[in-house]
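In: What follows is a predicted protein model with its sequence.
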Amino acid sequence: MLNFYKKLSLETFILFILLIILLTLSPFIPKEYSYENHLFENLEVVVLIIGFILSLGKTLFTPLYDSIKFYIAFSIIFILMAMRELSWGRVFYPIGINNIGEEIFIKVQELWYFDILYPLITILIVIALGLLLYFYYQSTIKGINWNIPLVETIFFITLSILSQCIFDHELIISLAPYNQNLEEFSELFAYIFLICICYKTSFSKHYIRISYFKMF
């Protein structure tokens with residue numbers, strides 16, 4: 001059973017304030033910082049690697065053995081996102097610089113491991129989804145509640161939509177000169193809130209009380 005709790009923690013409030021400050025300052029931050037394989041994208045990779053390490057660490061300390069599947073699935077999700085931010089390895093093969101000073105990389109089809117790349121990604125996604133679905137199925141049988149932070153979940157969904165649907169496609173014309181910075185800021189904080197969701201989600205068993213008289 002999914003339970004969303006509404007508690008707003010101090011660290012979440014601080015993250016929200018930092019996000020507002022960065023979004024406000026985005027017109028004054030050099031656009032070059034948001035180029036591929038530059039400051040903000042590298043920060044995103046660092047955040048995702050931290051999420052990967054934390055989720056693996058939770059498998060060692062979770063009090064509920066079955067929830068190990070949840071944290072392994074999240075570790076796979078984090079490593080896939082980190083690979084995506086690294087353009088599946090393209091950033092390690094620069095071939096030049098374009099007219100605005102942004103690095104150019106080889107096409108993903110030219111990677112020496114391209115033939116196994118997408119099958120590997122597909123396998124990892126299937127494993128992650130399979131682990132989550134199987135654990136949820138176990139939870140319904142064993143009476144395990146998933147206690148998920150609502151505020152962090154809303155922030156993650158909102159920021160993901162902003163970065164991938166609004167800023168990436170430049171739907172707000174007036175913000176066009178700043179869309180690249182806005183997209184990267186939104187994506188960076190979406191990843192941070194995803195770590196919060198993984199770390200703050202807890203699991204507890206609920207018990208159904210059966211009246212003695214109803215047994216007869």
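Out: Alright, I've got the coordinates. Numbers count the residues shown, from 1 in each chain.
In: Can you give the distance from the lengthiest helix in the chain to the centre of its chain?
Out: Longest helix in the chain, counting residues (DSSP state H): helix 114-142. Put simply, helix 114-142 sits 16 Å off its chain's centre (CA atoms, centre = their mean, to the nearest Å).
In: CA-only coordinates of the following helix or strand past it, as PDB, when you get a sec.
Out: Remark: after helix 114-142, the chain's next helix or strand is strand 144-149, criterion DSSP states H and E. In PDB, the C-alpha atoms belonging to strand 144-149 read as follows (Å, rounded to 0.1, in the frame of the first residue of the first chain):
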ATOM      1  CA  ILE A 144       3.900  -3.800   3.900                       C
ATOM      2  CA  ASN A 145       3.200   0.000   3.600                       C
ATOM      3  CA  TRP A 146       5.400   2.200   1.400                       C
ATOM      4  CA  ASN A 147       5.700   5.500   3.300                       C
ATOM      5  CA  ILE A 148       6.700   8.000   0.500                       C
ATOM      6  CA  PRO A 149       7.500  11.700   1.100                       C
END
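In: helices or strands up against strand 144-149?
Out: Using 3 or more CB pairs under 8 Å, 6 or more residues apart in numbering; DSSP states H and E, the elements in contact with strand 144-149 are strand 2-5, helix 114-142, helix 179-200, strand 202-205. For every residue, glycine as well, the C-beta is placed using N, CA and C.
In: Contacts for the next helix or strand after the first one next, please.
Out: Remark: after strand 2-5, the chain's next helix or strand is helix 10-25, criterion DSSP H and E. Surrounding helix 10-25, the residues in contact under the criterion CB atoms under 8 Å, 6 or more residues apart in numbering are 29, 149, 151-152, 155, 159, 182, 185-186, 189, 192-193, 196.
In: just to revisit the earlier point, which strands and helices sit next to the longest helix of the chain?
Out: helix 68-85, strand 144-149.
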